[in-house]
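could you work out the structure for the sequence below:
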Amino acid sequence: MIYQNEVAARMLLTPNQREVVVDMGQILPIGDIEVEGGRAEVTVSLDGSSFSAPQQNETTRYARAQWREGECVEARVRVGAGYIAFPCGYWTERFIRYAGWTGADGVYSMQCGEDVLFSFGDTFVSNIDAQSHARVGEIYMPNNTMALLKKDGEMAFFVNRAADGRPVAMVAPEDPANYYWLQDGLVLDGYYYTLASVITNDESGPEGFKFRLLGVDLVKAPIQGGIPDFARVIRRKTPLCAYGMLFGSAFLVDGEYIYIYGYRDADSARELLVARVEKQNFENIETWEFFDGREFCPDMRCAVGVLQHVSCEMSVTRMGEKRYLAVFQYDTNSRYVAYALATSPWGPFGAPHKVYEATEGQLCASAYVYNAKAHPLLSYNGGLVCSYNVNATSFEDHIKNGHLYRPRFIELRDTTLGALGELFASAYEDRVQLFRELNRTARKGQSVFVGDSITQEFPVEELLGAGYLNRGIGADTSAGVLRRLEESVFAFEPRAVYLMIGTNDAPMGISAEETVENIRQIVSSIRERLPQCKVHIISILPVAVSQHPKVAQGALVNRDNGRIAEVNRQICGMGDSFVDAYHAMLDANGGLALPYTRDGLHLNGNGYRKLLEILGLRGME
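Numbering: from 1, shown residues only. Model prediction:
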């Protein structure tokens, strides 16, 4: 990951080396341009061929410096504020299948109880040969299907079947000559809703595009067994496909409103439209309001475009206070995933920024990429998982490559989050100072948890009540605890200390031997100063070994479960008791079990409840 203000490109120029072009390796937002030792002109390019003067925070991949004056000139391009993208192999691989559901487009995700419900458009139902990857046997293409991602990570795909066993759409219009493509969906009060595009075949279109849009229906079905029960579907025609506009391409629930996004094909580019309605009135389309550029009004015809170059399917996600991120395929069918930022759900949106160049359009002559969107329910640790669709106009190409037609996933990361490191630089001393202030009124004879961020995040008082204190500091080490025993233990003379420290030692350059010795000294010092105090050592927790996207792989660098287990083995007899949370939280692969962690290193609510269970506090004190 690269952050704002880091140097993305460095170019050295001389009278004999008058031009340098640097490929920065990925598309980045551009920040400050610096030139030292003379004069140089710096230009940037997305494709490496067409260069122009850089604009603050615009996205680009190539930087070019051209010498103007000076014996040795250095030009630097720094990273700006915005987003960068990385392939997300975990989610891409979850949609690789060899039988039954074997590819689709659409790909919307929504909260459904504790699970995530997916809806898809045209879907291949067939077998794929494991060696050649060609589609073999009978091939079907129902116009919509679904999947359910359970909270435990298991994923089930749902294909509806006719009485004779043929795969058919999950839901269809009343007119059998037409079919539905499902737009974005949401679950409200136990019902699934979508604004489904009504489509009919049109043989006058080119290969791969032999269809025509007829309208938009409001589709409602009760949730049964985690998915919509379309046997009890309610369909209603709407006026939301008129005047060259169509609504339903994205939903955003924000506060008391549901925002409904749509589009209009303008002269220069497809433009984004915004409507809204109070949650309780969602089905009553007559109460919807449409943004006219200044305010919301009841007439759909007043809607104006708030963002150019969007795709038919896209998303708008709230990313924080007054920060909304639109994700879309630039101009619908292009190789670029793009984003734009706004301070409200209706804008104003800034200029679109291309953030990722998809290469799947090169898989065959008829392949193309389209309809990117975000999936916040699949996202962890500050990233935003997005998908884009891959298709081909030639049916023969689909037969040859059964894995062509399926979603690909990427993750967007905010370059400005790196600035948070400066905020944490003084956090250690600030927290020690906080301990000093709290200790002035701390009652003696309580129990205290001492450790790093895993301890600091432990809601001790909420879960255990009065009589327990928390003296954890994020990023601390065994050496750090040894230095702060006065503030963390001695000042209030606790009756029991629960010590869990050491997970940060290896990344901080502390050897396993030093960790063991530091913990030995911590225990020895407590026993010397407070001989009546019990010291309970909690094992260092394992780290996750899964490639699940919730696991922050960068945070696990230099954290080895083999080393952790060996340190635990050596410290297990040092205290009055040893709590083996390490083995209690292992999964079958030898890592921290995903249900217990928020990022592969730290615990979540389930993890802390498990830790309490392991501790069995009443039996220890």
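
gap between residue 616 and residue 536?
Residue 616 sits 11 Å away from residue 536 when distances are taken as C-beta to C-beta, to the nearest Å. C-betas here are computed from N, CA, C, even on glycine.

out of those two, which sits in the more crowded spot?
Per other C-beta atoms under 10 Å, whichever of residue 616 and residue 536 has more neighbours is residue 536, with 20 against 10.

who are the packing partners of the helix or strand the more buried one falls within?
Per DSSP states H and E, residue 536 falls inside strand 534-538. Other helices and strands packing on strand 534-538, by 3 or more C-beta pairs under 8 Å, 6 or more residues apart in numbering; DSSP states H and E, are strand 496-500, helix 512-529, strand 577-579, helix 605-615.

would you turn these into JSON lines with distance to residue 490, mean neighbour count and mean pLDDT?
Compiled in JSON lines, the helices and strands packed on strand 534-538 are given as follows (distance: least, C-beta to C-beta, whole Å; neighbours: other C-beta atoms under 10 Å; pLDDT from 0 to 100):
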{"stretch": "strand 496-500", "distance to residue 490": "10", "mean neighbour count": "24", "mean pLDDT": "98"}
{"stretch": "helix 512-529", "distance to residue 490": "5", "mean neighbour count": "17", "mean pLDDT": "96"}
{"stretch": "strand 577-579", "distance to residue 490": "21", "mean neighbour count": "17", "mean pLDDT": "96"}
{"stretch": "helix 605-615", "distance to residue 490": "23", "mean neighbour count": "16", "mean pLDDT": "94"}
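
out of those, nearest to residue 300?
Residue 300 sits nearest to helix 605-615 of all the helices and strands packed on strand 534-538, at 43.9 Å, using C-beta to C-beta.

now the closest one, how far from the chain's geometric center?
26 Å (C-alpha atoms, centre = their mean, to the nearest Å).

again with stretch 260-273
The answer for stretch 260-273 is 26 Å, by C-alpha atoms, centre = their mean.

next, the buried residues of that stretch.
By 16 or more other C-beta atoms under 10 Å, the buried positions in stretch 260-273 come out as 260, 261, 262, 263, 264, 269, 270, 271, 272, 273.

the fifth one contacts residue 274, correct?
No: in this structure, residue 264 is not within contact of residue 274 by C-beta atoms under 8 Å, at 11.5 Å.

need the residues touching each of the two.
Residues touching both residue 264 and residue 274 (C-beta atoms under 8 Å, 6 or more residues apart in numbering): residue 303.

quick one: average pLDDT of the strand holding residue 536?
Average pLDDT, strand 534-538: 98.

which residues are contacting stretch 486-496?
432, 435-436, 439, 442-448, 450, 469, 471, 481, 497, 526, 529-530, 532-536, 620-621.

who are the contact partners of residue 279?
Shown in contact with residue 279 (C-beta under 8 Å, 6+ apart): 188, 253, 256, 257, 258.

also residue 498?
447, 448, 449, 450, 536, 538, 579, 615.

show me the beta-bridge partners of the second one.
If I follow you right, that is residue 448. On the basis of DSSP bridges, residue 448 is bridged to residue 469, residue 497.

residue 316 versus that one, what's the distance?
Counting by C-beta to C-beta, the separation of residue 448 from residue 316 is 46 Å.

out of the two, which sits in the busier spot?
Legend: neighbour count by other C-beta under 10 Å for residue 448 and residue 316, higher for residue 316 (28 against 22).

mind checking the SS state of that one?
With DSSP: H, G, I helix; E, B strand; the rest coil as the basis, residue 316 sits in strand.

got a list of what it touches?
Here residue 316 is in contact with 250, 252, 259, 261, 324, 325, 326, 327, 342, 345 (C-beta under 8 Å, 6+ apart).

may I have the strands that pair with the helix or strand hosting residue 274, each with its orientation?
Per DSSP H and E: residue 274 is located in strand 270-278. Paired strands of strand 270-278, with direction, are strand 257-265 (antiparallel), strand 289-291 (antiparallel), strand 307-308 (antiparallel) (DSSP bridges).

next one: the longest one to chain centre, how far?
Relative to the mean C-alpha coordinate of its chain, strand 257-265 is positioned 23 Å out (C-alpha atoms, centre = their mean).

pLDDT on it, on average?
Strand 257-265 comes out at a mean pLDDT of 97.

and if you look at the shortest one?
Per-residue pLDDT values across strand 307-308 average out to 96.

if we can go back for a sec, of the contacts of residue 279, which is the most crowded?
Ranking these using other C-beta under 10 Å puts residue 258 first, with 22 neighbours.

bridging residues for it?
residue 253, residue 277.

domain assignment for this structure?
With automatic domain parsing as the criterion, the domains of the chain are listed as 7-81, 85-416, 424-620.

show me what counts as buried in stretch 319-326.
319, 324, 325, 326.

closest one to residue 170 out of those residues, please.
Nearest to residue 170 among the buried residues of stretch 319-326, with distances taken as C-beta to C-beta, is residue 326, at 28.0 Å.

measure the closest one to residue 601 for me?
Distance from residue 326 to residue 601, by C-beta to C-beta: 32 Å.

next one: residue 282
In this view, residue 282 and residue 601 are 40 Å apart by C-beta to C-beta.

ok, residue 580 touching residue 539?
Yes: look at residue 580 against residue 539 with C-beta under 8 Å: they come within range, at 5.2 Å.

of these two, give the one with the bigger neighbour count.
Neighbours were counted for residue 580 and for residue 539 using other C-beta under 10 Å; residue 539 has more, 23 against 13.

so what's that one up against?
If you count contacts by C-beta under 8 Å, 6+ apart, residue 539 has them with 500, 568, 571, 572, 578, 579, 580, 581, 582, 583.

now render these as a markdown table, adding distance to residue 48.
Output for these, formatted as a markdown table (distance: C-beta to C-beta, whole Å):
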| residue | distance to residue 48 |
| --- | --- |
| 500 | 51 |
| 568 | 52 |
| 571 | 55 |
| 572 | 58 |
| 578 | 59 |
| 579 | 57 |
| 580 | 56 |
| 581 | 52 |
| 582 | 50 |
| 583 | 53 |
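
ok, of the residues you listed, which one's closest to residue 44?
residue 500 (48.5 Å).

these two touch, right, the closest one and residue 540?
Yes: counting by C-beta under 8 Å, residue 500 touches residue 540, with 7.2 Å between them.

residues near residue 23, how many?
Residue 23 has 11 nearby residues by other C-beta under 10 Å.

all numbers from here: first residue = 15
Happy to do that; since the first residue is 15 now, the last one works out to residue 37.

distance check, it against residue 72.
The value you get for residue 37 to residue 72, if C-beta to C-beta is used, is 17 Å.

helix, strand or coil for residue 157?
Going by three-state DSSP: residue 157 is coil.

what's near enough to touch it?
135, 136, 137, 183, 186, 193, 194, 195, 213.
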